[in-house]
Each structure stands twice: as C-alpha cells, then as structure tokens.
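> got a predicted structure plus its sequence, pasted below:
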Amino acid sequence: MEKKNQDFSMQEVMRLAKSPAGQQLIALLKQKDSASLEQVVAQAKSGDYAGAGKNLSAMLSSPEAQALMKQLEGK
C-alpha cells in the first residue's frame, strides 16, 4: 500500500469496505488467513496501527488482493 493510503478517514474505509471490490477483498483475506486478519483487527482496535498496517500489507501482497486493490483505487 502506498503512503497516501494511510490518510483514509473512517468513513472512506467503511465506504470502500461496503463496495463490491471491498467485500471481495475481505472475503479473500478471510479465506486465505482468517487468523492473521483477526490479528490485524485486534491490533487496530488496540491502537497498534503500525503493526496492523505491516501485517495487512503482507496479506495484501497476493496477485488476487492486488487486483482488488486496483479496483478500489479506481473508485
């Protein structure tokens, strides 16, 4: 993920998460490694945004996730 993506507002994140590409991305991440996704959520809830971002970036490195991210960027 690029640096500019860190500046999303919570409303923007929720809008993207509810989009078709966002839903597909969430489903893909859950399917591939639900334990890591749960860890990312827990880190974010506890305020460890650096750790959450690092773990999420690793999860988003697959070609399928990258394709969905490109769809989200186009919105």
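Right, received. Where do you want to start?

> select the longest helix from the chain.
Longest helix in the chain by number of residues, with DSSP state H as the criterion: helix 20-45.

> give me the number of residues near Thr64?
Not Thr; residue 64 is Glu. Residue crowding around Glu64 was assessed by other Cβ atoms under 10 Å; the count is 14. (Each C-beta comes from the backbone N, C-alpha and C, glycine too.)

> likewise Leu60?
Leu60 is surrounded by 16 other residues when neighbours are defined as other Cβ under 10 Å.

> distance of it from Leu29?
For Leu60, the distance to Leu29 (Cβ to Cβ, to the nearest Å) stands at 8 Å.

> with Leu72 instead?
Distance of Leu72 to Leu29, computed by Cβ to Cβ: 13 Å.

> which of the two has more neighbours?
When neighbours are counted by other Cβ under 10 Å, Leu72 and Leu29 differ, and Leu29 comes out ahead with 20 against 16.

> what's the closest non-adjacent residue to the more buried one?
Spatial nearest neighbour of Leu29, chain neighbours left out: Leu37 (4.9 Å); criterion: Cβ to Cβ, 6 or more residues apart in numbering.

> burial of Ser9, as a residue count?
Ser9 sits with 8 neighbouring residues when counted by other Cβ under 10 Å.

> what's the pLDDT at it?
At Ser9, the predicted lDDT confidence score is 70.

> what's near enough to touch Ala58?
Contacts of Ala58 were listed using Cβ atoms under 8 Å, 6 or more residues apart in numbering, and they are Ser36.

> can you do 10 Å?
With contact set as Cβ atoms under 10 Å, 6 or more residues apart in numbering, Ala58 has these partners: 33, 36, 40.

> among these, name the buried ones.
Among those, those that count as buried by neighbour count (16 or more other Cβ atoms under 10 Å) are Val40.
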